[in-house]
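K.L.:
Show me the folded form of this:
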Amino acid sequence: MDVKRDILFRVYICFIAIILVCVVIVGKAFYIQQVQGNYWEGMSDSLHQKIQEIDANRGTIYSDNGQMLSTSIPEFDIYIDFGADGLREKNGKRFKENVDSLSIGLANLFKDKTADAYKQLLINGYQHAYRYFPLEKGISYRTYQKLQKLPLVRQGRNKSGFISDTKNIRLNPYQILAYRTIGLNRANSQNVGLESTYDSTLKGTPGKRLVRFIAGGVAVPVDPSADIEPKNGNDIITTIDTHIQEITENALMKMMIGNQATHGCAIVMEVKTGKIKAIANLGRTSSGTYWENYNYAVTPTEPGSIFKLATMLSLLEDKKTTLDAPINLEGGHWFINGRTVNDAESHGNVDNVKQAFEVSSNVGMAKLVYNAYKDYPMQFINHLIKLGLDSLTGIDIAGERHPFIYTPSSKLWSATTLPWMAFGYNTLISPLGITMLYNAIANNGTMMKPYLVSDITSGGNVIKHIDSVVLRQVADSNVVKQLQSCLYGVCNDPHGTGYTLLKGLPFKLCGKTGTALVADGAKGYADKIYQAAFAGYFPADDPQYTCVVEIVNKPHAANYYGASVAGPVFKEIAERLYTLYVRRNNKNRYAALDSLKQSNLAYSYTGSSYDFEDVANVLGIKYSSDITPNTPWARFYSDSSRTDKLSALTLTNGKQMPSLSGLGLKDALYVCESMGLRVNVKGFGRVSQQSISAGVTVEKGQVINIVLSI
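P.N.:
As a prediction, this is how the structure comes out:
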């Protein structure tokens, strides 16, 4: 009996304990649900909802002539909310009526599935009532516009369930053109160029929206109407001219390919402002092609003989020599402090210091500097510091590396450092730094700060204009004029290193050739890698542009001199810019023509009668005419009585060669090619010579050489 009572007591105790536990559980559940419900619901939301940034539209980078260099274009991710009320109302009537036509439209638009496959996909999504079903990602704006016109989709978001999520991608419309300078904005990668420098200006202010994460980690906007809209970025207008950039890049590319060069750069600067109009950087890739892979223009190198301009400036400023002072070039070899300074080629005897510069004698420059500054080398180096050659240029682009100039306090200074500095070794200066120096001489001694961005705009309105900045006066006017005469002599005197290359041009240039042996890492100078350079400005009488070209050749290249590698690039750039910009905008040229018209001198032009009539009518020129309707060719001229006349002219006469004298290139080509001739052209202006004389019978395919002159 006692055992039974004891067992029952224990059973009752357990039963009561179970009841108490159940009461506690129910009570706790009631407390959590009724008292703490809002707290736990908020906690759940905080785990599944978050504030997400909405990217602002990044600003566009424009060229100086209004072309887009880098811009953002929208891409769209398309989702479907199969649980949308408008899609499911009336037992899904709207969906069922449009699913066939929508499937066909999607198949035709995206071309990645058949219409039947799309129909099955849509029906499956509808049956499972997926709320944020991904349909297509990364479609273009044009494709998105077509999508908006498809059945069901065109009824709007609430009725169709179609949702678009917009994102922007960055695009360089001109591809390689100034690619390294412009840079490219990409996620998860290093930004360079103007995209990096002006990132805060371009990127704008992000917006915010509340999103909820569903299955698969997809973020669904909770309330789009409550989104904080982003503020779009500002646009920037660069100083780069796409036409000049294309000319510069093409000229550099041709030489790089032809000479299989390692890398090179070319810079064009506007003389009076310091605006960079073009900056090309090309490096050879592992596949043998060339790409804008590095900003060589702001990377210091040993400049070689183009540095001799700074050498001459120092000597003349300190009155250590004069241009007409005699100098002995020692036969092109000068032994100094255990080493020998060599000239690239034997120059023979020269009359004076100016000619030593024009023939680019290393011996001449080394002797002058050593004899003038050997007791106080800092006097020479202080000139380089005054010129800013030891400092960053300050150009508004990230990644510029600091130049380097040896001083007597340096551990690397030796007894031969100073004479070697005289002809461009033992210094590291970027091509852009050299450009600033030559531009200062072209600008009568005023050094301008180089810059790439002229305006920041918003909605087409300029909110900040960036003016040109004068940095310093590099020398007095007398010294500058002497340096200008030295650079003129290099290109225009028969013994100058640039004369053979540049003779025959219809305008004069000033410049300096340079060839430097450069080190190849641990291999040193054994591979005979040469840097060819040409620095100068044009036209000589009224400088508009400064141009510097530096090209590093392949090891043991057969052609490596500055005049034959960098020089042709400089020449092509100068010729094209002179024709397209300088001559066209030369006020002195038009003033001369006006003066000619006002004088008693006669003039004569030959060409299309229709063109003459149009020009005369626009300019209001009164003239007498003897031509009849449909007369194609005419001569527009004035005699000593200052009477303007238009007279008919016969150019085509069967197979007989007409006189092309006085025709412009367009008209001359038209006449020759209409007769089946193949034409070779040389020079600028109007026809002054032709290889086939007037009256000679010609045959189709025959070659004619014509010479133009101004």
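K.L.:
who's in contact with V470?
P.N.:
By CB atoms under 8 Å, 6 or more residues apart in numbering, the residues touching V470 are 446-449. C-beta coordinates here come from the backbone N, C-alpha and C atoms, glycine included.
K.L.:
typed the wrong thing, it's T262
P.N.:
283-284, 529, 552-554.
K.L.:
How about R88?
P.N.:
Going by CB under 8 Å, 6+ apart, R88 touches 82, 95, 129.
K.L.:
what residue is smack in the middle of the protein?
P.N.:
By CA atoms, centre = their mean, the chain has its centre lying nearest to A178, at 2.1 Å.
K.L.:
picking that back up, which of the contacts of R88 tops the neighbour count?
P.N.:
Counting neighbours by other CB atoms under 10 Å, F95 leads these with 24 neighbours.
K.L.:
Looking at the contacts of R88, spot the one nearest T393.
P.N.:
Closest to T393 out of the contacts of R88 is F82 (60.0 Å), distances taken as CB to CB.
K.L.:
In this structure the closest one contacts Y130, no?
P.N.:
Yes. Look at F82 against Y130 with CB atoms under 8 Å: they come within range, at 4.9 Å.
K.L.:
What segments of the stretch 401-550 of the chain are strands?
P.N.:
For the stretch 401-550 of the chain, the strands defined by DSSP state E, counting those that start in this stretch cover 404-405, 427-428, 446-448, 453-458, 461-465, 470-473, 510-518, 529-538, 545-552.
K.L.:
And the contacts of the second one?
P.N.:
By that I understand strand 427-428. Under CB under 8 Å, 6+ apart, the answer for strand 427-428 is 300-303, 307, 384, 389, 403-406, 421.
K.L.:
Can you give me the separation between the closest residue to I257 other than its chain neighbours and I267?
P.N.:
Leaving aside its chain neighbours, I257 sits nearest to Y290 (6.9 Å; criterion: CB to CB, 6 or more residues apart in numbering). Look at Y290 and I267: by CB to CB, to the nearest Å, they are 17 Å apart.
K.L.:
Distance-wise, check S140 relative to L171.
P.N.:
From S140 to L171 the distance is 11 Å (CB to CB).
K.L.:
meant to ask about A178, not that
P.N.:
In this structure, A178 and L171 are 14 Å apart, going by CB to CB.
K.L.:
Alpha carbons only: can I get stretch 311-325 in PDB?
P.N.:
In PDB, the C-alpha atoms belonging to stretch 311-325 read as follows (Å, rounded to 0.1, in the frame of the first residue of the first chain):
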ATOM      1  CA  THR A 311      71.700  73.900 -71.200                       C
ATOM      2  CA  MET A 312      71.900  76.800 -73.600                       C
ATOM      3  CA  LEU A 313      69.500  78.800 -71.600                       C
ATOM      4  CA  SER A 314      71.700  78.500 -68.500                       C
ATOM      5  CA  LEU A 315      74.900  79.400 -70.300                       C
ATOM      6  CA  LEU A 316      73.300  82.400 -72.000                       C
ATOM      7  CA  GLU A 317      71.600  83.600 -68.800                       C
ATOM      8  CA  ASP A 318      74.800  83.500 -66.900                       C
ATOM      9  CA  LYS A 319      76.700  85.000 -69.800                       C
ATOM     10  CA  LYS A 320      79.100  82.000 -69.800                       C
ATOM     11  CA  THR A 321      79.100  82.100 -73.600                       C
ATOM     12  CA  THR A 322      77.700  83.700 -76.700                       C
ATOM     13  CA  LEU A 323      76.200  82.200 -79.800                       C
ATOM     14  CA  ASP A 324      79.000  83.400 -82.000                       C
ATOM     15  CA  ALA A 325      81.800  82.300 -79.700                       C
END
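K.L.:
ok, residues contacting it?
P.N.:
Counting by CB under 8 Å, 6+ apart, 352-354, 357, 365, 368-369, 372-373, 379-380, 383-384, 387, 422-423, 474-476, 479, 482-483, 485-486 sit against stretch 311-325.
K.L.:
Can you flag the buried ones in the residues you listed?
P.N.:
Buried positions within the contacts of stretch 311-325, assessed by neighbour count (16 or more other CB atoms under 10 Å), are 352-354, 357, 365, 368-369, 372-373, 380, 383-384, 387, 422-423, 474-475, 479, 482-483, 486.
K.L.:
got the domain boundaries for this protein?
P.N.:
Domain assignment for the chain by automatic domain parsing gives 2-35, 52-236, 243-582, 600-709.
K.L.:
I'd like those written out as TSV, with mean pLDDT added.
P.N.:
Shown next, in TSV, are the domains of the chain (pLDDT from 0 to 100):
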stretch	mean pLDDT
domain 2-35	75
domain 52-236	81
domain 243-582	92
domain 600-709	77
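K.L.:
Tell me which of those sits most buried.
P.N.:
domain 243-582 (a mean of 20; mean count of other CB atoms under 10 Å).
K.L.:
Could you give the separation of that one from the chain centroid?
P.N.:
21 Å (CA atoms, centre = their mean, to the nearest Å).
K.L.:
Quick one: end-to-end length of that domain, please.
P.N.:
Its start and end residues considered, domain 243-582 measures 14 Å (CA to CA, to the nearest Å).
K.L.:
And the contacts of stretch 475-494?
P.N.:
309, 312-313, 316-317, 323, 354-355, 357-358, 360, 438, 441-442, 444-445, 474, 496-499, 502, 508-513, 536-537, 540.
K.L.:
that older thread, just the ones of the contacts of stretch 311-325 in helices?
P.N.:
353-354, 357, 365, 368-369, 372-373, 379-380, 383-384, 479, 482-483, 485-486 (DSSP state H).
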